[in-house]
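A.B. asks: Below is the sequence, then the predicted model.
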Amino acid sequence: MVKLFALCAKGLEEVATQEIKDCGKSNNFEIFEGVIVFDYLGDLKDLTNLKIVDDVLIFVKKFQDINRYNTSLFIIRKELSQVNLMKVLFLIRKIRKTKPQTTFKIQSSYKSRRDYTAKEITTAARRAILKNQEWKYSDESELYIHILLTPKINLCGVSLLNEPLHVKNRIKTIRGSLKSSVANAMVQFADIKKTDVVFDPMCGSGIIPISASPFSKTTIASDIDKEVIKIAKLNAKSKDRKIKFHVWDASKTDLKDNSIDKIICNLPFDKQVEFEFDPEEFFKEIERISKKKSKLVFLIDRESVLKRIIKKKYPNYKHINITNSGFEARIMVIEKI
C-alpha cells in the first residue's frame, strides 16, 4: 500500500475523487480544498492516465504546526532533513526510468497570507534535502517535488511523473485557454454518448473538442479567428483526434436546426478576453442548433453578465463553482427539456 495525494482545481474534488476510485484499489480518502489524500494498492502507472486530476504525488511528509510566520521555514527544513527519499525513488523507478545520478527540483505553493514567499519555502526544502541525500538540485530534473501549504493541510510529495499530469496533457495554448483537467471535467458533466454530435462554438486552442472527441460520434468545433483555428487543428493532429473545424461566428453557424446533442464551451472571461459577440444572439443560435433534450455545459466567470442571461433562459440549470487558473469560475450544466 502506498499513501498518495492528488491535486485538482478547487471545486472539482468530488469528480476527481471518483476518477481515482474508478481506477480501483484505493481507500481511506481525506478530501480538502483542491487536495485528495488516499491509500492505493494498485499499479501506480494507472494513475498517470487520469484526466481530471491535475497531479498525483507520492506522500512524503505532512508538516505539523505550520502557520503564517517565518518559524514555519525552520519546521520545513528540520522535518525534510529527516525523511528517506530513497523509498520514494524506488517507487518512481517502478513506473519510469530516471538517470543514475539523482537530481531533484522543487515547486512550492501556498494558500492564505504568509510572512514568507514560495521561493523561501523552496530554499528551505532544497537545503534540507541536499543535506540529507547525496543528490543535486537541477531545474531540469526528472524528480519533481511539491511543497503545498494550505489552511487545512501542509504536505510534501513527489510527482509520479517528471511533471504534473495537467502539463503532460497540455497543448499549445492561447490567451484564455483552459487547463486540460477542467476541460475533461466539463466533458464528463456533458455525459457524452457514442451516438452524440458534440459542438464547441468558441473552441480557442481546441482543448474541449480534443477532450470530447474520443467519446462522441462526431465532434465539431469553431472559432471566429482563423489563426486560432490553425492552432486548434495542429493541437488536434498532435493528439490524433478527428474533429471538424470551422471558422464561424458563434452566433451565425452553418449548422442545421436541432442537430447538436451536446454543446460544451468556455465562454469569454471578462478578465481574460473581450466580448466579441452579442450574448442574446449567441444563445438564440444555441437554441436553434441544439436538440430538444440536449445538454449544454458552459464555463463562465463567476461574476459574468452571462450568468444572468443563462439563469433567465435556463432556470433548471445546475452549477459547480471552481477556481480556473486563478479565476473564480462557474461550470453551468443545463439539460434542455
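C.D. replies: In hand now; what should we look at?

A.B. asks: Count residues in the vicinity of S294, would you?
C.D. replies: Neighbour count of S294, defined by other CB atoms under 10 Å: 22. For glycine as for every other residue, the C-beta is placed from the backbone atoms N, C-alpha and C.

A.B. asks: before we move on, what about D22?
C.D. replies: Other residues close to D22 by other CB under 10 Å number 10.

A.B. asks: what does D43 give?
C.D. replies: 13.

A.B. asks: From Y110, how far off is it?
C.D. replies: 32 Å (CB to CB, to the nearest Å).

A.B. asks: for E19, same thing?
C.D. replies: From E19 to Y110 the distance is 26 Å (CB to CB).

A.B. asks: Looking at those two, which is more packed in?
C.D. replies: The neighbour count for E19 versus Y110, taken as other CB under 10 Å, is higher for E19 (22 against 19).

A.B. asks: name the element that one belongs to?
C.D. replies: helix 13-22 (DSSP states H and E).

A.B. asks: so how far is that helix off the chain centroid?
C.D. replies: The chain centroid and the centroid of helix 13-22 are separated by 13 Å under CA atoms, centre = their mean, to the nearest Å.

A.B. asks: got a list of contacts for it?
C.D. replies: 6, 8, 26, 29, 31-36, 38, 47, 50-53, 185, 188-189 (CB atoms under 8 Å, 6 or more residues apart in numbering).

A.B. asks: What of stretch 83-91?
C.D. replies: 2, 44, 58, 60-61, 98, 102, 129, 132-133, 135, 143, 156, 158.

A.B. asks: in that stretch, what counts as buried?
C.D. replies: Buried residues in stretch 83-91, counted by 16 or more other CB atoms under 10 Å: 83, 85, 88-89.

A.B. asks: ok, of those, which one's closest to W248?
C.D. replies: V88 (49.7 Å; CB to CB).

A.B. asks: And that closest one, what's its pLDDT?
C.D. replies: Note on V88: pLDDT of 92.

A.B. asks: tell me which element it falls in.
C.D. replies: Per DSSP H and E: helix 86-95 holds V88.

A.B. asks: Y116 now?
C.D. replies: Going by DSSP H and E, Y116 is not in any helix or strand.

A.B. asks: That one reaches N67, doesn't it?
C.D. replies: No - counting by CB atoms under 8 Å, Y116 sits too far from N67 to count as a contact (10.5 Å).

A.B. asks: more crowded one of the two?
C.D. replies: Neighbours per residue, other CB under 10 Å: of Y116 and N67, the larger number sits with Y116, 19 against 14.
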